[in-house]
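Engineer: Sharing a model that was predicted from the sequence below.
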Amino acid sequence: MSNTVIVDDRSAQITYSSTPGWFSTGTFPDWNKTSMQPRSEGASFEMTFQGTSVEVLGVLHSPGGDPGTPSIPVVSSFSIDGGAVTNFTGPSSLKQATFFNSFYTASNLDPAKSHTLKWTQANNGTIFLDAIIYETSSAFSPQTDTNYIVDQGDPRVQYEGSWIDLDSDQVFKGRLKFGRKYGDTMSFKFNGSAIAVYGNLDPLGIANTEGNIPTSSTIVTYTVDSGGPMKAAYPIPTSVVYGEQLFLYNDLPSNQEHTFTMKLENNQPIYVDYLIVSPVGGGIARKSDLFANAQQQAISGSTTGLTGAPTSSSSSGGGSSPNVGAIAGGVIGGVGFVALCMLAFLLLRNRRKTRSGEAGATVSSSDELDLFTRAPSFEPASFGNGAVDPYFAGSQHGRSTAGTTSSKFSRARSIFREPPPYHMRSE
């Protein structure tokens, strides 16, 4: 089965023209929060890859873009291996930025050959390169970017429980998986040396309409193969967090199949966007301290709110687990030390009372809340006559939206907070 490789706009695999050059830009919905903007007509880039198909993703702004930019629809030209040129023409009217638009696709490429993708800017319109994805028929890509991406909707990713699909134009391929109930489980089998899970955390979002607004930390256990479960407790963020590295595991044997499992341990929400797999020994970089902090939150005991967890019929005092002290006391009592057995019994009873009292404690705040930032909001986007409906990876483009409003964009954007209306540019 083929795998999808995603190449960020800052990758060394892409060679940009120097004259005319490119601006470095970026904001939070962008892949890796970065993008590149052609400075003027004639700016270009090339990327060499080996795969069966390729797609260019990016950001569209209003034709006027920043103040002083000519108000003209953008035109960009694309080609593969020096062949026929395909032009992309942007919308003639667009009030706000749209993300993960597909500018160009090419398929049915020879998997045994290297191919060269070229983008040439045909006018001075406003457009941004965000990322390039391509399909490789091998187990891994021999290119600079060896890690591959697995979308949450990939058929190899299996779900059990009450997961639902959510549309959003601010995530990879325009869709998330939303877990919300105790026991919701995701599993994935892969060959590789590392795996990471990326997704969103949200204080309200769609959870508000489902009647389960988060009230405590979202608690998740992860397992890889037969290893012990790794528990993480993610505190309620102050605002939506996009594309965060929820889980990271490196140093796996790369020459065998692995099984990854993610299980929700309470009735608090979590959103899965995609997984990253490293097929060789390079591993996956640690993007933030979110997962490490969430593990410490779980270890510290601030993991209350397990409202969905069933209580064991063999336990009492709030569902505490069998106590080692009680077992030891029984063994000692079996050989005649009745006094020590009674002492162990009293200690066990006191411990259960203490744990029962702690079960209703409120989750304490965490320093990781500093990771969460809020971006400015904006009014709903609309499209004027003759606009081209922006579309997501894998969708069909070029549909006329004359006299209409993009229903996909309007519906998707209401789930999470809105992106900023334009990029911050650095020279």
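Structural biologist: Alright, I've got the coordinates. Just so it is clear, the model here is predicted, and its values are computed rather than measured.
Engineer: Can you tell me the closest non-neighbouring residue to Ile80?
Structural biologist: Using CB to CB, 6 or more residues apart in numbering and skipping residues adjacent in sequence, the residue nearest Ile80 is Ala106, 4.9 Å away. The way it works is simple: take the backbone N, C-alpha and C, and place the C-beta from them, glycine included.
Engineer: What of Lys181?
Structural biologist: Ser162 (4.5 Å).
Engineer: and the gap between the closest residue to Ile72 other than its chain neighbours and Ala294?
Structural biologist: Excluding its sequence neighbours, the residue lying closest to Ile72 (CB to CB, 6+ apart) is Gly125, at 5.3 Å. Gly125 sits 43 Å away from Ala294, going by CB to CB, to the nearest Å.
Engineer: for Ile284, same thing?
Structural biologist: Ile284 is 17 Å from Ala294, by CB to CB.
Engineer: higher neighbour count, these two?
Structural biologist: Per other CB atoms under 10 Å, whichever of Ile284 and Ala294 has more neighbours is Ala294, with 26 against 18.
Engineer: which stretches of the stretch 101-250 of the chain form strands?
Structural biologist: Secondary structure of the stretch 101-250 of the chain by DSSP state E, counting those that start in this stretch: the strands cover 115-121, 127-136, 148-151, 157-160, 164-167, 175-179, 185-191, 194-201, 218-224, 230-234, 241-249.
Engineer: Those strands: which one's closest to Thr34?
Structural biologist: The minimum distance between Thr34 and these falls on strand 127-136, with 7.9 Å, by CB to CB.
Engineer: Give the other helices and strands that the closest one contacts.
Structural biologist: strand 3-8, strand 35-38, strand 44-49, strand 53-60, strand 98-106, strand 115-121 (3 or more CB pairs under 8 Å, 6 or more residues apart in numbering; DSSP states H and E).
Engineer: Indicate which one of the ones you listed is closest to Phe260.
Structural biologist: That would be strand 3-8 among those, by CB to CB, at 15.5 Å.
Engineer: Just the C-alpha atoms of the closest one, please, in CSV.
Structural biologist: Extracted in CSV, the C-alpha atoms of strand 3-8 (Å, rounded to 0.1, in the frame of the first residue of the first chain):
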residue,chain,number,x,y,z
ASN,A,3,2.1,6.1,1.8
THR,A,4,1.7,9.8,1.8
VAL,A,5,4.7,12.0,2.3
ILE,A,6,4.2,15.7,3.2
VAL,A,7,6.9,18.2,2.4
ASP,A,8,6.8,21.5,4.3
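Engineer: Is there a neighbour count for Leu60? I'd like the number.
Structural biologist: 24.
Engineer: Distance of it relative to Leu94?
Structural biologist: For Leu60 relative to Leu94 (CB to CB), the value is 6 Å.
Engineer: How about Lys33?
Structural biologist: On the measure of CB to CB, Lys33 and Leu94 end up 22 Å apart.
Engineer: circling back: could you export the strands of the stretch 101-250 of the chain as JSON lines, including mean neighbour count and distance to Ile6?
Structural biologist: Shown next, in JSON lines, are the strands of the stretch 101-250 of the chain (neighbours: other CB atoms under 10 Å; distance: least, CB to CB, whole Å):
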{"stretch": "strand 115-121", "mean neighbour count": "20", "distance to Ile6": "14"}
{"stretch": "strand 127-136", "mean neighbour count": "24", "distance to Ile6": "5"}
{"stretch": "strand 148-151", "mean neighbour count": "20", "distance to Ile6": "5"}
{"stretch": "strand 157-160", "mean neighbour count": "15", "distance to Ile6": "16"}
{"stretch": "strand 164-167", "mean neighbour count": "14", "distance to Ile6": "20"}
{"stretch": "strand 175-179", "mean neighbour count": "23", "distance to Ile6": "16"}
{"stretch": "strand 185-191", "mean neighbour count": "17", "distance to Ile6": "16"}
{"stretch": "strand 194-201", "mean neighbour count": "24", "distance to Ile6": "11"}
{"stretch": "strand 218-224", "mean neighbour count": "22", "distance to Ile6": "22"}
{"stretch": "strand 230-234", "mean neighbour count": "22", "distance to Ile6": "24"}
{"stretch": "strand 241-249", "mean neighbour count": "22", "distance to Ile6": "12"}
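Engineer: what residues are up against the residue nearest to Lys181?
Structural biologist: 179-181, 184 (CB atoms under 8 Å, 6 or more residues apart in numbering).
Engineer: Which of those lies at the shortest distance from Tyr242?
Structural biologist: Closest to Tyr242, out of all of the contacts of Ser162 and judged by CB to CB, is Gly179, at 16.7 Å.
Engineer: What pLDDT is listed against the residue nearest to Ile72?
Structural biologist: pLDDT recorded at Gly125 is 85.
Engineer: I'd say Thr136 and Ile149 touch.
Structural biologist: No - at 11.5 Å, Thr136 does not count as touching Ile149 under the criterion of CB atoms under 8 Å.
Engineer: Need the overlap of contacts for those two.
Structural biologist: Joint contacts of Thr136 and Ile149 (CB under 8 Å, 6+ apart) are 4-5.
Engineer: how close does Lys287 get to Leu275?
Structural biologist: On the measure of CB to CB, Lys287 and Leu275 end up 14 Å apart.
Engineer: higher neighbour count, the two?
Structural biologist: Leu275 (25 against 15).
Engineer: Which element, helix or strand, includes the more buried one?
Structural biologist: According to DSSP states H and E, Leu275 maps onto strand 270-278.
Engineer: elements contacting that strand?
Structural biologist: By 3+ CB pairs under 8 Å, 6+ apart, strand 270-278 packs against strand 148-151, strand 175-179, strand 185-191, strand 194-201, strand 241-249, strand 257-264.
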